[in-house]
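# A predicted structure for the sequence below; I have some questions about it.
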Amino acid sequence: INRLSEVLEHISDLEEYISIDTYFDDVIQYIISNCPNIKYLNLQKQELKNETLKLIADRNLKIVVMLNGTDFSYFENHISELEKQGILRNNIIVDPGIGFGKTKQENINIIKNDLHKLKEFGCEVMLAHSRKSFISNFSNTTAENRDIETIAISAYSFDSTEVDYLRIHDVKSHMRFFVTKKYMEN
């Protein structure tokens, strides 16, 4: 909260939507109370207090729920629990959790073969693959130099699946790539 409060005082007037990643109920409650343009919460913890979930539902915020492991059925149960707390399904974004509880090859398999299965839950899908270690299976670059590989995976994911959001490090290069790609396709 101390770190966020210094940032929030400078961005509270921005028209853009803000996304916060957090594990903690008190941080979520603080953000909801002090940041009127918060739109997305990336929930890094599955067990939030009911009062926190109610605040999220009341503010009609979009939330990202992430899978740790490979069992997609987790989403079915978790989404059901969130809906019981008043969170609408169209406000839930599922994230397969690339890099969390999976081998490098399992991460690749999910991106290549399983992302479309996430749409079956009736939610939007976010892919957070940027610079992750699984890239070392086919590239010998260091993490901070994996932006070209990340862009290639982003393009593949948009072309072959129904990914709605990308969580990436190099936004500027992604924008340049996708603007050019769209222009050339039209």
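Received the coordinates, thanks.

# now the helices for the protein?
Remark: helices assigned in the chain by DSSP state H are 2-11, 25-34, 50-58, 73-84, 104-109, 115-118, 147-160, 171-185.

# wait, what's in contact with residue 65?
Neighbour list for residue 65: 43, 46, 75, 78, 79, 82, 92, 93, 94, 95 [criterion: C-beta atoms under 8 Å, 6 or more residues apart in numbering]. Just so you know, the C-beta spots here come from the backbone N, C-alpha and C atoms, and that holds for glycine as well.

# please name the bridge partners of it.
Beta-bridge partners recorded for residue 65 (DSSP bridges): residue 43, residue 94.

# and the contacts of residue 65 as TSV, adding neighbour count?
Below are the contacts of residue 65 laid out as TSV (neighbours: other C-beta atoms under 10 Å):
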residue	neighbour count
43	24
46	14
75	21
78	18
79	18
82	23
92	21
93	21
94	25
95	22
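
# would you turn the helices of the chain into JSON lines with distance to residue 64 and mean pLDDT?
Shown next, in JSON lines, are the helices of the chain (distance: least, C-beta to C-beta, whole Å; pLDDT from 0 to 100):
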{"stretch": "helix 2-11", "distance to residue 64": "17", "mean pLDDT": "82"}
{"stretch": "helix 25-34", "distance to residue 64": "13", "mean pLDDT": "90"}
{"stretch": "helix 50-58", "distance to residue 64": "11", "mean pLDDT": "94"}
{"stretch": "helix 73-84", "distance to residue 64": "11", "mean pLDDT": "95"}
{"stretch": "helix 104-109", "distance to residue 64": "17", "mean pLDDT": "97"}
{"stretch": "helix 115-118", "distance to residue 64": "12", "mean pLDDT": "94"}
{"stretch": "helix 147-160", "distance to residue 64": "16", "mean pLDDT": "94"}
{"stretch": "helix 171-185", "distance to residue 64": "17", "mean pLDDT": "95"}
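
# now render those as CSV, adding distance to residue 125.
Formatted as CSV, the helices of the chain follow (distance: least, C-beta to C-beta, whole Å):
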stretch, distance to residue 125
helix 2-11, 27
helix 25-34, 22
helix 50-58, 19
helix 73-84, 10
helix 104-109, 15
helix 115-118, 5
helix 147-160, 9
helix 171-185, 17
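
# ok so, going back, return the member of the contacts of residue 65 nearest to residue 157.
Minimum distance to residue 157 across the contacts of residue 65 is 12.5 Å, recorded for residue 95 (C-beta to C-beta).

# and the pLDDT for the closest one?
What the model reports for residue 95 is a pLDDT of 96.

# measure the residue nearest in space to the middle of the chain to residue 9 for me?
Central residue of the chain (C-alpha atoms, centre = their mean): residue 126, 4.5 Å from the mean position. Here residue 126 is placed at a distance of 28 Å from residue 9 (C-beta to C-beta, to the nearest Å).

# same deal with residue 104?
Distance, residue 104 to residue 9, using C-beta to C-beta: 41 Å.
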